[in-house]
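S.K.: Everything below, folded, please.
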Amino acid sequence: MDSSIALILLQDGLVNGAIYALLGMALVLVFAVTRVVFIPQGEFVTFGALTLAMLVDGKVPGTVYLLLLLGGLVLLQEVLRALRSGQWRALPRTVLACAVLPAALFWLTRRLASPDTSLWVDMLLTLLLIVPMGGMIHRVVYRPLAEASVLVLLITSVAVHFVLVGLGLVFFGAEGWRTPAFIDGQIDLGLTSWSLQSLFVIGTAVVLIAALWLFFGKTLYGRALRATAVNRRGARLVGISSDMSGGLTFTLAALLGAVSGILIAPLTTIYYDTGFLIGLKGFVGAIIGALASYPAAAAGAILVGLLESFSSFWASAYKEVIVFTLIIPVLLWLSLRAGPAHDEE
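M.R.: Purely as a prediction, here's the structure:
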């Protein structure tokens, strides 16, 4: 290995690490607020990438129908709850969010699904289709289990993962998809040249991380999520709705996953089950952050990207093994460092 190869591997590792950092932070956020180890996080990556690829190809993506299905399930659930409680005040807002919005997006997607549509419009439409699914999945699956144990929530996440993977196969098929680069060209940085696409990925990840920092530090909703992460019962006592916190958390996770999928779509061919492996690498970064620290999770994810990149040069057949083996010493160190565990509830 010479310096030019090392710099190429460094570039590849930083690009992958930026994607894993977004996913790792999403996993930390979901676990801190809701105690859910959100295994299906990678499916948002898959849906984001494949939805964009189909829109670029001029086809109506299957996620349109998934959004309609989830909206219908949420609406049915809310109607049954209103019938039991006799409280109908929140139903009009649910109809607007879970019936009118998906129907409007369905109409808009059919109108805009054309190879002539701008790539940036397709990216925006992809986000509009994927992001609402996070809150809907929370309302359908996780909100009824809000008081369940972490183990039950983990088993539920495994079930949701398999359901979404199966739906991905139905909607997108077994073939792989890829999108054109958002930005073409190279930029010379002295020792090596970087593609503008790689810089765009890293820059977008940095902007999103900065936006999350501002959101959690400067906004009312961000501080509410921080309070819920610190003490769920205390947050409820001061009037912070656990339903609102959970729904907002899953929506942010869907946003980070969809953006990650959009960013990775031009870099590699995406299949219906690709997101699981990508999500696991983000999970390794989250574990390095002990599922609690956002900066540590981001740093751990970048380490995972670099380790994967250099492992692909030295031992390409074992690069996945090397990456996932990183969990073992981290878990050992965390177990030795941690004191006796006490349940908050």
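
S.K.: what about the spatially closest residue to Leu252 that is not a sequence neighbour, neighbour count?
M.R.: In space, and not counting its chain neighbours, Leu252 is closest to Leu29: 6.3 Å by Cβ to Cβ, 6 or more residues apart in numbering. Heads up, the C-betas are built off the backbone N, CA and C, glycines and all. Counted with other Cβ atoms under 10 Å, the neighbours of Leu29 add up to 25.

S.K.: Tell me which other helices or strands the lengthiest helix in the chain touches.
M.R.: Ordering each helix of the chain by length in residues (DSSP state H) puts helix 3-34 first. Under the contact criterion of 3 or more Cβ pairs under 8 Å, 6 or more residues apart in numbering; DSSP states H and E, helix 3-34 touches helix 41-56, helix 196-218, helix 220-230, helix 242-264, helix 274-288, helix 294-314.

S.K.: quick one, what contacts the nearest residue to Lys59 once chain neighbours are set aside?
M.R.: Once flanking residues are discounted, Lys59 sits nearest to Ala113: 6.1 Å by Cβ to Cβ, 6+ apart. Contact analysis of Ala113 by Cβ atoms under 8 Å, 6 or more residues apart in numbering lists 54-55, 58-60.

S.K.: if we can go back for a sec, buried residues in the longest helix of the chain?
M.R.: Residues 9, 11-34 are the ones in helix 3-34 that count as buried (16 or more other Cβ atoms under 10 Å).

S.K.: Next, the buried residues of stretch 262-278.
M.R.: Neighbour counts over stretch 262-278 (16+ other Cβ under 10 Å) mark 262-267, 270-276, 278 as buried.

S.K.: nearest to Ala181, of these?
M.R.: Taking Cβ to Cβ as the measure, Ala181 lies nearest Pro266 of the buried residues of stretch 262-278, at 4.6 Å.

S.K.: So for stretch 40-59, mean pLDDT?
M.R.: Averaging pLDDT along stretch 40-59 yields 91.

S.K.: no, scratch that, I was asking about stretch 165-176
M.R.: The model assigns stretch 165-176 a mean pLDDT of 89.

S.K.: what's the distance between that stretch and the middle of its chain?
M.R.: Offset of stretch 165-176 from its chain centre (Cα atoms, centre = their mean, to the nearest Å): 18 Å.

S.K.: Same check on stretch 203-221?
M.R.: 15 Å.

S.K.: And the contacts of that stretch?
M.R.: The list of residues contacting stretch 203-221 from outside it, by Cβ under 8 Å, 6+ apart, reads 18-19, 21-22, 25, 222-223, 225-226, 248, 252, 256, 259, 263, 294, 298.

S.K.: same question, stretch 140-152
M.R.: Counting by Cβ under 8 Å, 6+ apart, 34-37, 70, 73-74, 77, 153, 156, 160, 242-243, 246-247, 250 sit against stretch 140-152.

S.K.: same thing with stretch 308-320?
M.R.: 1, 5, 9-10, 12-13, 16, 277, 281, 322-323.

S.K.: what about the residue nearest to Phe283 when sequence neighbours are not counted, distance to Phe106?
M.R.: For Phe283, ignoring the flanking residues on the chain, the nearest one in space by Cβ to Cβ, 6+ apart is Leu27 at 5.8 Å. Counting by Cβ to Cβ, to the nearest Å, the separation of Leu27 from Phe106 is 30 Å.

S.K.: tell me the mean pLDDT over stretch 255-268?
M.R.: Across stretch 255-268, the average pLDDT comes to 90.

S.K.: With just CA atoms, put that stretch into CSV.
M.R.: Output of stretch 255-268 as CSV, limited to C-alpha atoms (Å, rounded to 0.1, in the frame of the first residue of the first chain):
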residue,chain,number,x,y,z
LEU,A,255,-35.7,11.1,8.1
LEU,A,256,-32.1,10.1,8.9
GLY,A,257,-32.6,6.7,7.3
ALA,A,258,-34.2,8.1,4.1
VAL,A,259,-31.5,10.7,3.7
SER,A,260,-28.9,8.0,4.2
GLY,A,261,-30.5,5.9,1.5
ILE,A,262,-30.6,8.9,-0.9
LEU,A,263,-26.9,9.6,-0.2
ILE,A,264,-25.8,6.0,-0.7
ALA,A,265,-27.9,5.3,-3.8
PRO,A,266,-25.4,6.7,-6.3
LEU,A,267,-22.4,5.0,-4.6
THR,A,268,-23.5,1.3,-4.6
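
S.K.: in stretch 206-215, what counts as buried?
M.R.: 208-209, 212.

S.K.: JSON lines for those residues, including distance to Leu332?
M.R.: Formatted as JSON lines, the buried residues of stretch 206-215 follow (distance: Cβ to Cβ, whole Å):
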{"residue": "Leu208", "distance to Leu332": "32"}
{"residue": "Ile209", "distance to Leu332": "28"}
{"residue": "Leu212", "distance to Leu332": "30"}
